[in-house]
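test case, fold it:
(one chain, ligands or ions: 1)
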Amino acid sequence: MKFTVAIDGPAAAGKGTISRAVAQHFGFAHLDTGLLYRAVGAKGGDPVAAARSLSPHDLARDDLRSLEAGQAASRVAALPEVRAALTAFQRDFARRDGGAVLDGRDIGTVICPDAEVKIYVTASPEIRARRRWLELGGDAAPESLADVLAQVRDRDDRDMNRADAPLKPAPDAVTLDTSEMSVEQAIAKALALISARLA
Ligand code: DC
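The predicted model follows:
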């Protein structure tokens, strides 16, 4: 069975949590496409060469989740040649047998415009920044809440306003605003949307 779930949205909206829950519930494979861009940014050197030679080893680095890696990813992700080098891998993953869920910025718009289900997960910048700051340790985090909010806004601005594959909901995506939702509620909504399409 081929069945693709595309989950897009800005940083720290809850895409990863929802995607992992969806993959586990339905037995789908999951690809966090942000990790590809993070690995390209972290490799250093020429980002186009880095994207063309990306290996599983690059994706296994343990420093890819930091705020800095996120910013570097957002910068290299604005380069059309970098995006082009990563497209085929993502499309092949999406059409593997058994179903797949991919989360990112352009899955429903560019990578998988024919995905069976498209969900745009969002939340206010303030709420996303607070969640990310709490993940980083809250009061014990190396960055202040204000710094994290500034980085969230900066990344939104770059991801939404780049010329190639900017972050935006696909016309046929269902928007899930998680600002006022618990994790459980957001997951339940996503599972219900997918179950309805599978039925
Ligand atoms: O989802 P994330 O925070 O790990 O993504 C890091 C950056 O990578 C994000 O700011 C923009 C870029 N990205 C992208 O351009 N397209 C994707 N499909 C996924 C991520």
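
isn't residue 178 right up against residue 124?
No: using C-beta atoms under 8 Å, residue 178 and residue 124 do not qualify as a contacting pair, with a distance of 9.7 Å. Placement of C-beta: from N, CA and C, glycine included.

who's more crowded, the two?
Neighbours were tallied for residue 178 and for residue 124 using other C-beta atoms under 10 Å; the higher tally belongs to residue 178 (25 against 14).

residues from this protein in reach of the ligand?
Selection of the chain residues close to the ligand by C-beta under 6 Å from any ligand atom yields 11, 33-34, 37-38, 70, 73-74, 77, 104-107, 155, 159.

from those residues, which is closest to residue 140?
Nearest to residue 140 among the residues of the chain next to the ligand is residue 70, at 19.6 Å by C-beta to C-beta.

which secondary structure elements does whichever strand or helix holds the closest one sit against?
When elements are assigned from DSSP states H and E, residue 70 belongs to helix 67-76. Packed against helix 67-76 by the contact rule (3 or more C-beta pairs under 8 Å, 6 or more residues apart in numbering; DSSP states H and E) you find helix 33-43, helix 47-52, helix 145-161.

next SSE after the shortest one?
The element immediately downstream of helix 47-52 (helix or strand, assigned by DSSP H and E) is helix 56-59.

what does that next one contact?
With C-beta atoms under 8 Å, 6 or more residues apart in numbering as the contact definition, helix 56-59 has outside contacts at 35-36, 39-40, 42-43, 50.

output those as a markdown table; include the columns neighbour count.
Output for the contacts of helix 56-59, formatted as a markdown table (neighbours: other C-beta atoms under 10 Å):
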| residue | neighbour count |
| --- | --- |
| 35 | 20 |
| 36 | 24 |
| 39 | 24 |
| 40 | 29 |
| 42 | 19 |
| 43 | 19 |
| 50 | 19 |
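
which of the residues you listed sits closest to the ligand?
Of all the contacts of helix 56-59, residue 35 has the smallest distance to the ligand: 6.2 Å, by C-beta to the nearest ligand atom.

show me the contacts for that closest one.
Listed by C-beta under 8 Å, 6+ apart, the contact set of residue 35 reads 59, 64.

and the pLDDT at it?
We have a pLDDT of 98 for residue 35.

for residue 51, same thing?
Looking at residue 51, its pLDDT reads 98.

hmm, it is touching residue 41, no?
No: under the criterion of C-beta under 8 Å, residue 51 makes no contact with residue 41, lying 9.9 Å away.
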